[in-house]
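Participant: here's my sequence, what's the structure:
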Amino acid sequence: LSYSVTQLLSYSVTQLLSHTSSSIPPKGSKMKCINLCLMISLLLLSCSKKQVKATNPVLKDPITVETDRSTPDRTEEIKRKIAELEAKRKKILLENSEKNHEVEKLQFQLSSEGGGGGSGEYRKKEEEKKAAKTESLLRASTVKAAAHDDNEEFTAYQQYCENNQFPVSAKWRIDERYVIRVVDTNSQPVSGVNVSVGKVLDTIWNAVTPSSGEIVLFPRMDLGIKYSSIKDYLFMIEGNKYKIHSEQDSYITIQLPHERPARNKIPLQICFLLDATGSMGDELQLLKDVIFSIHSRLLDHPAHPEIDLSVVAYRDRTSRFLVKGYPFTNNIDTFQVQLESISAAGGGDEPEDLDAGLQYALDSLAWNKEAAKFVFLIADAPPHLDYNNTKDYMWAARKAREEAIMITPIGASGLKPLGEFIFRQIAVMTNGEFVFLNYGEKGESEGSGTVTDVGKVSHHTGSNYNSRRLDDIVIDIITRELGYLV
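Facilitator: Residues are numbered from 1 along each chain as shown. Have a look, this model is predicted:
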């Protein structure tokens with residue numbers, strides 16, 4: 001029996017491989033072969049065991065039934081084949097949507113050449129997709145927002161922090177700040193360079209330069225309680241040591257003794273991190289439309305980046321799920337399906353488990369060291385400070401800075417002053433911007449959404465901002481960073 005099953009398994013795998021190499025395999029044939037292989041493999045696994053445990057119904061002691069020892073033990077081999085077939089099955093399931101689309105497209109082309117005139121189910125579906133896309137882009141154009149860069153107006157930001165003391169998880173020591181800028185011999189920014197700060201035999205802090213070549217260092221938080229002067233520390237880059245001789249200039253430029261390497265391509269990775277609790281229900285679909293618009297516009301970007309997108313949704317510990325994330329993909333149809341699967345539910349209290357969402361985005365996604373990397377956090381509530389997470393939002397901000405990932409928080413309706421404060425902390429640490437949805441207000445807002453204060457998002461960034469399309473703001477941020485690389 002073992003020999004016969006093995007022969008049948010070999011035949012099934014042969015059929016699977018022949019279908020895999022075909023340009024248009026018979027519908028469902030690959031999945032049928034894989035399912036048959038799995039069933040046969042499980043049967044063979046049961047036949048190949050040396051010993052079978054049973055239970056005597058009278059004695060209630062285990063009995064051992066000896067099998068034919070002349071049959072070689074192929075358990076591990078069969079397990080390996082089962083794992084390979086299961087992986088193949090999952091891969092085919094993942095690729096089904098785009099493969100079906102390509103088959104339909106080819107069939108449409110064949111029908112057109114054969115005199116069918118192109119009229120058929122495929123054309124109808126394409127027209128429906130086009131109409132849905134147009135409607136989605138129109139909705140996206142109605143979402144207005146404004147942006148503020150606290151690193152550009154740092155003195156005003158320090159005053160804002162002085163005026164707003166919140167019980168956040170760690171002391172926010174920003175009274176001293178240095179912007180470290182790494183350039184090449186042509187004064188062009190150099191990305192992907194590891195910058196370490198410490199003393200002769202001790203590295204205390206390190207981070208990787210992003211597209212701009214600039215890293216923000218807060219020595220009273222980053223260099224420990226013994227810190228007294230930046231002049232006491234060495235900056236180490238590519239094996240070279242640099243000494244800072246002045247505390248007065250908050251911008252430190254370090255020039256490398258070579259040109260930066262030329263780039264043939266620009267990888268671009270964007271994670272959209274969404275608060276998917278019930279309070280986001282009124283705006284979630286509009287924000288999905290904005291995300292779709294952003295991707296559509298990036299496809300025509302003059303820098304021609306290689307785009308990988310991911311969507312990660314988070315809720316709270318009392319919800320049906322805490323974090324739901326998808327890996328990076330360069331397939332727009334796959335990403336669209338993943339994005340549409342996100343719905344708003346759960347939550348309850350105002351804070352959510354933002355820490356868990358950030359941890360997943362930074363720890364579980366496959367970030368490319370060569371890419372321009374972004375996380376766009378879209379949320380209407382601060383994290384739970386009472387959860388006392390070891391990997392909290394400040395851990396996430398530091399890790400993102402270390403790995404050259406810019407986090408840009410986007411405040412949605414309902415964000416209160418504490419949420420604004422934390423969002424701006426994250427943005428400052430990672431060289432991002434604080435973006436807030438705008439509802440027609442002209443000045444600052446507490447986010448109360450009343451007749452006298454129509455703003456629904458807390459923002460205390462002054463009144464010199466311009467309200468414009470949210471997708472325009474996001475595209476401008478990405479374009480600026482890509483511009484440093486070309």
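Participant: and the closest residue to Tyr326 other than its chain neighbours, what helix or strand is that in?
Facilitator: Excluding the flanking residues, the one nearest Tyr326 by CB to CB, 6 or more residues apart in numbering is Gln338, at 4.4 Å. The C-beta positions use only the backbone N, C-alpha and C, and glycine is treated the same way. Take DSSP states H and E as the rule and Gln338 turns out to sit in helix 332-340.
Participant: Lys324 too?
Facilitator: Element membership of Lys324, judged by DSSP H and E, is strand 323-325.
Participant: mind giving me the packing neighbours of that strand?
Facilitator: Contacts defined by 3 or more CB pairs under 8 Å, 6 or more residues apart in numbering; DSSP states H and E place strand 323-325 against strand 306-314, helix 354-363.
Participant: in CSV: these, plus mean pLDDT and distance to Ile422.
Facilitator: Below are those laid out as CSV (pLDDT from 0 to 100; distance: least, CB to CB, whole Å):
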stretch, mean pLDDT, distance to Ile422
strand 306-314, 97, 15
helix 354-363, 98, 8
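Participant: save those as a markdown table, and put in mean neighbour count and distance to His148 too.
Facilitator: Shown next, in a markdown table, are the helices and strands packed on strand 323-325 (neighbours: other CB atoms under 10 Å; distance: least, CB to CB, whole Å):
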| stretch | mean neighbour count | distance to His148 |
| --- | --- | --- |
| strand 306-314 | 23 | 24 |
| helix 354-363 | 23 | 20 |
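Participant: isn't Phe376 up against Leu274?
Facilitator: No: between Phe376 and Leu274 there is no contact under CB atoms under 8 Å: 9.1 Å.
Participant: which residue, neighbours along the chain excluded, lies closest to Ile194?
Facilitator: Quick fix: residue 194 is Asn, not Ile. Val208 (5.5 Å).
Participant: that neighbour against Val182, yeah?
Facilitator: No: the criterion here is CB under 8 Å, and Val208 misses it with Val182 at 10.1 Å.
Participant: shared neighbours, those two?
Facilitator: Listed as contacting both Val208 and Val182 by CB atoms under 8 Å, 6 or more residues apart in numbering are Val193, Val195.
Participant: more neighbours, the two?
Facilitator: Neighbours were counted for Val208 and for Val182 using other CB atoms under 10 Å; Val182 has more, 25 against 17.
Participant: lowest average confidence, helix or strand, in the chain?
Facilitator: Lowest on mean pLDDT, DSSP states H and E among the helices and strands of the chain sits strand 62-66, with a mean of 33.
Participant: tell me if Glu247 really is in a strand.
Facilitator: No: Glu247: not assigned to a strand; according to DSSP: H, G, I helix; E, B strand; the rest coil it is coil.
Participant: so where's the stretch 1-150 of the chain uncertain?
Facilitator: Along the stretch 1-150 of the chain, the parts satisfying pLDDT under 70 run over 1-79, 81-83, 86-120, 122.
Participant: and with 90 instead?
Facilitator: 1-139 (pLDDT under 90).
Participant: re earlier: ok, Phe376 and Leu274, which is more surrounded?
Facilitator: For Phe376 and Leu274, the more surrounded residue by other CB under 10 Å is Leu274, and the numbers stand at 27 against 23.
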